[in-house]
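Chemist: Provided below for reference: sequence and predicted model.
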Amino acid sequence: MDNRQAEGLLLLDKPTGPTSHDVVASIKRIMGTAKAGHCGTLDPLASGLLIVLVGFATRLAPYVHGDPKVYEGSIMLGLSTDSMDMEGEVTGESAYAGGADAARDALASLEGDLEQVPPMYSAVKYRGRPLYRYARAGEEVPRKSRNVRVYRAEMVEFRQLGARAEMDFCVACSPGTYVRDLAARVGEMLGCGGTLSRLRRTASGPFRLEHASSLEELAQGLERGEPCMLPMESALQGCKKVEVKDDGMEAVRNGSPLDGGMLRSTEEGIAEGEVIAVHGGGELLGVHRVCSVSPFASRAMRMLPKH
């Protein structure tokens, strides 16, 4: 595989069990590349869409659109654990007999802006170490709260399971939202405790799970010589585009700012401060941030290498 083929974007269907880091390590081994990274961690319990950038495309990670994140999953009502999911130690049990309507209303009430504190069982770092390492050692450390937004929180199905109940849901939320925390909040509102029992990411920004491949499908495709990656510019789906004239391409490649006289065309609706994808000669040349719309001006955020 040449360097050009080893650059791009992969949409992976992560299985339950391995960490996101484990999946990236498998991709590096399968593809024979030293450079790959994911955009948006999925817990070991979770499955579904994992966006992986390979080769020089890893440098586009800050510009990958991942809002909203969409998840399908289940909440076990009547059970609490220290990790807020089924992998943790049980911290409480209480019967739930409140019915489906109360559960639906509790979940829907989470729509809007929320303040969350990262769970101790998470990959957020404190003094260079992920929080889950402190949690496993029985240590509690300070954590900064963060503002998140839940765009949609809907119950899909409800099942009474003896003293407990389980509700299936669909949630669309901003990046960085801990769905485990949402499950625990629902249980707290219902007075019985709640634990995330299943989670599957189905979308991240413009990217969809139905277009993703498993690790096995990736390996088999490579063996057959089939294209396995989307081109590098796919990482910038959701970014507006401008096209520069042929005589401006070299300047863009060298990191020069853009002005209106260098442009062949622009998409409508570009706003000041927006990150845009700069194209020329049928290829992606770089990423710029717009400084001014009228007159148009932008500065380089990231240049791409020549091939």
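Modeler: All right, it came through fine. Numbering: from 1, shown residues only.

Chemist: is it true that Gly286 touches Gly280?
Modeler: No: using C-beta atoms under 8 Å as the test, Gly286 is too far from Gly280 to be in contact (9.3 Å). For the C-beta atoms, the positions are set from N, CA and C on the backbone; glycine is no exception.

Chemist: which residues are common contacts for those two?
Modeler: Residues touching both Gly286 and Gly280 (C-beta atoms under 8 Å, 6 or more residues apart in numbering): Val252.

Chemist: quick one: end-to-end distance for stretch 108-128.
Modeler: Using C-alpha to C-alpha, to the nearest Å, the gap from the first to the last residue of stretch 108-128 comes to 36 Å.

Chemist: show me the contact partners of it.
Modeler: With C-beta under 8 Å, 6+ apart as the test, stretch 108-128 has contacts from 41, 82-85, 88, 130-132, 134-135, 140-155, 177-178, 180-182, 185-186, 189.

Chemist: switch to 7 Å and redo it
Modeler: Contacts with stretch 108-128, where a contact means C-beta atoms under 7 Å, 6 or more residues apart in numbering, come from 41, 83-84, 88, 130-132, 134-135, 140-141, 143, 145-150, 152-153, 177-178, 180-182, 185.

Chemist: which residue ranges of the stretch 201-307 of the chain form helices?
Modeler: For the stretch 201-307 of the chain, helices defined by DSSP state H, counting those that start in this stretch occupy the ranges 215-223, 249-253.

Chemist: quick check: mean pLDDT of the helix or strand that contains Val186?
Modeler: Counting by DSSP states H and E, the element that carries Val186 is helix 179-190. Per-residue pLDDT values over helix 179-190 give a mean of 97.

Chemist: how far does that helix sit from the chain's center?
Modeler: Remark: helix 179-190 is offset 21 Å from the chain centroid, using C-alpha atoms, centre = their mean, to the nearest Å.

Chemist: so what does it touch, helix or strand wise?
Modeler: Helices and strands in packing contact with helix 179-190 are listed as strand 69-77, helix 99-108, strand 194-204; criterion 3 or more C-beta pairs under 7 Å, 6 or more residues apart in numbering; DSSP states H and E.

Chemist: make JSON lines out of those and add mean pLDDT and distance to Leu45.
Modeler: Output for the helices and strands packed on helix 179-190, formatted as JSON lines (pLDDT from 0 to 100; distance: least, C-beta to C-beta, whole Å):
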{"stretch": "strand 69-77", "mean pLDDT": "98", "distance to Leu45": "10"}
{"stretch": "helix 99-108", "mean pLDDT": "98", "distance to Leu45": "19"}
{"stretch": "strand 194-204", "mean pLDDT": "98", "distance to Leu45": "6"}
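
Chemist: quick check: closest non-adjacent residue to Tyr132.
Modeler: Beyond its immediate neighbours in the sequence, the residue positioned closest to Tyr132 (C-beta to C-beta, 6 or more residues apart in numbering) is Tyr121, lying 4.9 Å away.

Chemist: make that Thr16, sorry
Modeler: For Thr16, ignoring the flanking residues on the chain, the nearest one in space by C-beta to C-beta, 6+ apart is Ser47 at 4.7 Å.

Chemist: tell me which of the contacts of stretch 108-128 fall in strands.
Modeler: 130, 146-150, 152-153 (DSSP state E).

Chemist: of these, keep whichever come out buried.
Modeler: Neighbour counting by 16 or more other C-beta atoms under 10 Å classes 148-150, 153 among these as buried.

Chemist: which among the residues you listed gets closest to Glu267?
Modeler: Proximity of these to Glu267 (C-beta to C-beta) peaks at Arg149, which lies at 26.0 Å.
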